[in-house]
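Chemist: Based on what follows, work out the 3D shape:
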Amino acid sequence: MSEKNGDYLNEEEKKFLLDLARQSIIHYLKKGERLKMEVDNPRLKEKRGAFVTLRVDGELRGCIGYPLPYKPLYQTIIDVAIAAATEDYRFPPLMEDELNNLSIEISVLTQPKKVDHPEQVIVGKHGIIITKGHHQGLLLPQVPLEYGWDLETYLNHGCLKAGLPAEEWKRGVDIEVFEAQVFSEDQYGQK
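Modeler: Below you'll find the predicted structure:
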């Protein structure tokens with residue numbers, strides 16, 4: 001997402017990345033290896049942080065990502081799609097027979113920025129990264145909207161995700177915020 005107009009990727013690029021995520025998962029489940037490909041699109045070659053969220057029959061089934069821009073976006077999507085399907089510790093690995101009921105959502109992130117006060121977090125706009133010592137937790141900006149959380153509840157859950165007491169943010173933690181361009185197969189009728 002460009003910080004200027006709020007829309008980093010166009011419709012064609014979003015559909016391409018959703019298809020890439022699905023093909024990466026299918027390829028890995030069938031062959032046990034990472035999908036190899038190259039792209040020409042310069043935006044898809046830019047290093048970007050991104051998350052892939054998987055749902056089966058509407059229920060969360062995996063969510064993994066890179067909060068920071070380590071790799072070109074298309075390679076990040078390949079990596080985190082496979083990881084969401086096979087490495088999310090909260091769920092068993094995705095099975096081939098779940099693919100028909102699988103829905104994929106992608107969140108392409110802006111660079112995280114530290115905020116000085118918790119009140120600077122805007123629910124529904126900002127994702128959060130809560131850090132204290134070696135504890136760190138990340139929540140995507142769509143999460144509080146899905147659950148109807150207010151700012152305090154959002155920050156509490158960010159602390160819990162970091163393995164900290166819920167209200168640790170009141171005692172002092174580092175808070176970073178980021179924005180995300182979020183899109184899913186459901187929007188495009190893709191599968």
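Chemist: which non-adjacent residue is nearest the residue most central in space within the chain?
Modeler: Closest to where the C-alpha atoms of the chain average out (CA atoms, centre = their mean) is Phe51, at 2.4 Å. Closest residue in space to Phe51, ignoring its immediate chain neighbours: Gly65 at 2.8 Å, by CB to CB, 6 or more residues apart in numbering. For every residue, glycine as well, the C-beta is placed using N, CA and C.
Chemist: before we move on, what about Gln23?
Modeler: Gln23 sits nearest to Leu35 (CB to CB, 6+ apart), 6.1 Å away.
Chemist: Phi and psi next, for that neighbour.
Modeler: Backbone torsions for Leu35, taken as degrees, to the nearest 10, come to phi -70, psi 130.
Chemist: Can you name the residues that contact Val80?
Modeler: Ala50, Phe51, Val52, Ile64, Gly65, Tyr66 (CB atoms under 8 Å, 6 or more residues apart in numbering).
Chemist: Where does it fall, secondary structure wise?
Modeler: helix 73-86 (DSSP states H and E).
Chemist: I figured Tyr74 hits Leu20, correct?
Modeler: Yes - assessed by CB atoms under 8 Å, Tyr74 is found in contact with Leu20 at 6.3 Å.
Chemist: what touches both of the two?
Modeler: Residues touching both Tyr74 and Leu20 (CB under 8 Å, 6+ apart) are Met37.
Chemist: ok so, going back, for the helix holding Val80, the distance to its chain's centre please.
Modeler: Mean C-alpha position of helix 73-86 versus that of the full chain (CA atoms, centre = their mean, to the nearest Å) differs by 10 Å.
Chemist: Same question for stretch 64-82.
Modeler: 9 Å.
Chemist: Out of the contacts of Val80, which is nearest to Asp186?
Modeler: Using CB to CB, Val52 comes nearest to Asp186 of those, at 14.0 Å.
Chemist: Just the CA trace of stretch 163-183, in CSV.
Modeler: Provided in CSV are the C-alpha atoms of stretch 163-183 (Å, rounded to 0.1, in the frame of the first residue of the first chain):
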residue,chain,number,x,y,z
GLY,A,163,2.8,-13.6,26.1
LEU,A,164,2.5,-10.7,28.5
PRO,A,165,-0.3,-9.9,31.0
ALA,A,166,-3.3,-8.3,29.2
GLU,A,167,-2.8,-4.8,30.7
GLU,A,168,1.0,-4.7,30.4
TRP,A,169,0.6,-1.9,27.9
LYS,A,170,-0.5,0.4,30.8
ARG,A,171,2.8,-0.3,32.6
GLY,A,172,5.0,0.3,29.5
VAL,A,173,5.7,-1.6,26.3
ASP,A,174,6.9,-0.6,22.9
ILE,A,175,4.1,-0.2,20.4
GLU,A,176,4.6,-0.1,16.7
VAL,A,177,1.8,0.4,14.2
PHE,A,178,1.5,-0.5,10.5
GLU,A,179,-1.2,-0.4,7.9
ALA,A,180,-2.2,-3.2,5.5
GLN,A,181,-3.9,-3.5,2.1
VAL,A,182,-6.1,-6.5,2.8
PHE,A,183,-7.8,-8.6,0.1
